[in-house]
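S.K.: sequence and computational prediction follow.
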Amino acid sequence: MESGSKDIPYCRKQKSLGLLCSNFLSLYNREGVETIGLDDAASRLGVERRRIYDIVNVLESVGILARKAKNRYTWKGFGAIPKALEDLKKEGLRETGPAADTSCSEKVSDDDEDEMCSDMNISSQNDKSDSSSVPKSAAPTKSGENRKEKSLGLLTQNFVKLFLCTDMDMISLDDAAKLLLGDGKHTSMTTRTKVRRLYDIANVLSSMKFIEKTHHPETRKPAFRWLGLNGKPDNGSSDSMDLSESKKRVFGTDLTNTNTKRFKVDEQAAQVLKLNNPIRVKCESSENEVERTRSAVKSYQFGPFAPANVPKVGASHDEKEKQVVDWESLASTYRPQYHNQALKELFSHYVEAWKSWYSEVAGKSPIQLMS
DNA sequence: CCTTCCCGCCAGACA
DNA sequence: TGTCTGGCGGGAAGG
């Protein structure tokens, strides 16, 4: 009787974090959603709770979500992304060393290293037992902090900072791992673990089109390129949500400048980027600074599925992009155990969202979906 | 072979 | 204590 699982031997790709992220986004990126329950998400997406944590953590790092309470997150929406990234950038630059940049920013009010509602454990030592001998080999060495240092969320932020604050626009995960971990303390296996996590992060960010996987021009090594907003002007009077129909993401823009002299992360970059958590940036104002500075208007273009309440860029024409994805087979193959109404409408939602998204981007090969 | 990275054990954090 | 979070690394799918 247990042969009800038909075929579907097992496809690893169907369970990828990136796909799950897309599902998550399309599931909650609609009007009326303001809070998200982890249990709800897990059951509706058909995954274990553990995976929800992964996604939620990186989404929170980019500002899409915010932790509200246990089991509960607040949906901030894509509109919160630009600000979050801006904060990340400023934060990263600040850690770098304000000495280099005279006009670093106007609002230099005291601000913690973290911009979100992350809590700093101030109750570090409230132990009542002091005279008594140690119960066991207790390790009161910065219990919480240490764990938090290695959190996926923080790693995500630092990874993003790498793109925002450095002039490297192409980074391999291996280099990123080396840069991001403490300092020259290799440990070989620490890097391995870090790289694993970076793969996770990269998958999620890729599904949102923040980054894209490519290869080094020469080395052929796989690397990731930043696609998201490269640097918004951010004027003080930016109350009105941007997203005007101006320029969308600039893809081939960087092709114009053929300088591209140095992609590899030599020890110079490693030198600048040591430190524990904070990231150092190379503040030298020379080299290839011209890159894509000219486009200061560059509004942010959302990843998949622009929400309904957000002015999409030219959402009028379409029907010209052929559908490369077989949605019907998708719906039938995906998790046969969930044949409820929610999934039905979820998938139909996909088709719409993807259509419009495709027509806008018209990229080559966006996300690899199952077929 | 090497790269990618999913699964889920299990340990801290929290109620 | 139980539940919630989420590091962490094995080891298998993918190329």
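M.R.: Sure, I can see it.

S.K.: now residue A:166: how far from DNA strand B?
M.R.: Taking Cβ to the nearest atom of the strand, to the nearest Å as the measure, residue A:166 falls 20 Å from DNA strand B. Bear in mind the C-beta positions are built from the backbone N, C-alpha and C, glycine included.

S.K.: got the contact list for stretch A:188-203?
M.R.: Stretch A:188-203 has contacts (Cβ atoms under 8 Å, 6 or more residues apart in numbering) with A:16-18, A:21, A:54, A:58, A:152, A:155-156, A:159, A:173-174, A:176-178, A:180-181, A:211, A:213, A:224.

S.K.: near DNA strand B, anything from that stretch?
M.R.: Yes. On the criterion Cβ under 7 Å from any atom of the strand, stretch A:188-203 is in touch with DNA strand B at A:195, A:196, A:199, A:200, A:202, A:203.

S.K.: of the residues you listed, closest to residue A:9?
M.R.: Taking Cβ to Cβ as the measure, residue A:9 sits nearest to residue A:203 out of those, at 22.0 Å.

S.K.: show me how chain A divides into domains.
M.R.: A:12-95, A:152-226 (the TED database).

S.K.: to residue A:146, which of those domains lies closest?
M.R.: Comparing these by their distance to residue A:146 (Cβ to Cβ), the top pick is domain A:152-226, with 11.7 Å.

S.K.: what mean pLDDT does the closest one have?
M.R.: Domain A:152-226 carries an average pLDDT of 88.

S.K.: pull up the distance across it, start to finish.
M.R.: Its first and final residues considered, domain A:152-226 spans 19 Å by Cα to Cα, to the nearest Å.

S.K.: next one: stretch A:69-78
M.R.: End-to-end span of stretch A:69-78 (Cα to Cα): 21 Å.

S.K.: avg pLDDT for that stretch?
M.R.: 94.

S.K.: quick revisit: the domains of chain A into a markdown table, with extra columns for distance to residue A:146 and mean neighbour count?
M.R.: Below are these laid out as a markdown table (distance: least, Cβ to Cβ, whole Å; neighbours: other Cβ atoms under 10 Å):
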| stretch | distance to residue A:146 | mean neighbour count |
| --- | --- | --- |
| domain A:12-95 | 17 | 18 |
| domain A:152-226 | 12 | 19 |
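
S.K.: what secondary structure does residue A:31 sit in?
M.R.: Following DSSP: H, G, I helix; E, B strand; the rest coil, the label given to residue A:31 is coil.

S.K.: now it: how far from residue A:77?
M.R.: 10 Å (Cβ to Cβ, to the nearest Å).

S.K.: what of residue A:46?
M.R.: With Cβ to Cβ as the criterion, residue A:46 and residue A:77 are 24 Å apart.

S.K.: which SS class is residue A:224?
M.R.: Of the three states, residue A:224 takes strand under three-state DSSP.

S.K.: report the beta-bridge partners for it.
M.R.: Counting by DSSP bridges, residue A:224 forms beta bridges with residue A:171, residue A:213.

S.K.: show me the contacts for it.
M.R.: With contact set as Cβ under 8 Å, 6+ apart, residue A:224 has these partners: A:170, A:171, A:172, A:173, A:202, A:205, A:206, A:211, A:212, A:213, A:214.

S.K.: hmm, the second one is touching residue A:165, no?
M.R.: No. Residue A:171 is beyond contact range of residue A:165, at 12.0 Å (criterion: Cβ atoms under 8 Å).

S.K.: leaving out the residues flanking it, which one is nearest to residue A:51?
M.R.: Spatially, and ignoring its direct neighbours in sequence, residue A:51 is nearest to residue A:20 (6.1 Å; Cβ to Cβ, 6 or more residues apart in numbering).

S.K.: helices or strands next to the helix or strand containing that neighbour in the packing?
M.R.: Using DSSP states H and E, residue A:20 sits within helix A:17-28. Packed against helix A:17-28, as judged by 3 or more Cβ pairs under 8 Å, 6 or more residues apart in numbering; DSSP states H and E, are the following elements: helix A:38-45, helix A:49-61, helix A:189-207, helix A:341-361.

S.K.: that one to helix A:189-207, inter-axis angle?
M.R.: Angle of helix A:17-28 versus helix A:189-207, following axes from the mean of the first three to the mean of the last three Cα atoms, to 10 degrees, is 40 degrees.

S.K.: how much space between residue A:154 and residue A:210?
M.R.: Taken as Cβ to Cβ, the span from residue A:154 to residue A:210 is 17 Å.

S.K.: make that residue A:192, sorry
M.R.: 24 Å.

S.K.: what of residue A:43?
M.R.: According to Cβ to Cβ, residue A:43 and residue A:210 sit 27 Å apart.

S.K.: quick check: residue A:160 is in a strand.
M.R.: No. Residue A:160 sits outside any strand when classified using three-state DSSP, being helix.

S.K.: so what's it closest to, chain neighbours aside?
M.R.: residue A:88 (5.7 Å).

S.K.: again with residue A:155
M.R.: Excluding the flanking residues, the one nearest residue A:155 by Cβ to Cβ, 6+ apart is residue A:197, at 5.7 Å.

S.K.: I'd like to know how far that neighbour sits from DNA strand C.
M.R.: 7 Å.

S.K.: kindly report the same for residue A:165.
M.R.: 22 Å.

S.K.: and residue A:226, by the same measure?
M.R.: Distance from residue A:226 to DNA strand C, by Cβ to the nearest atom of the strand: 23 Å.

S.K.: swap in residue A:147?
M.R.: 6 Å.
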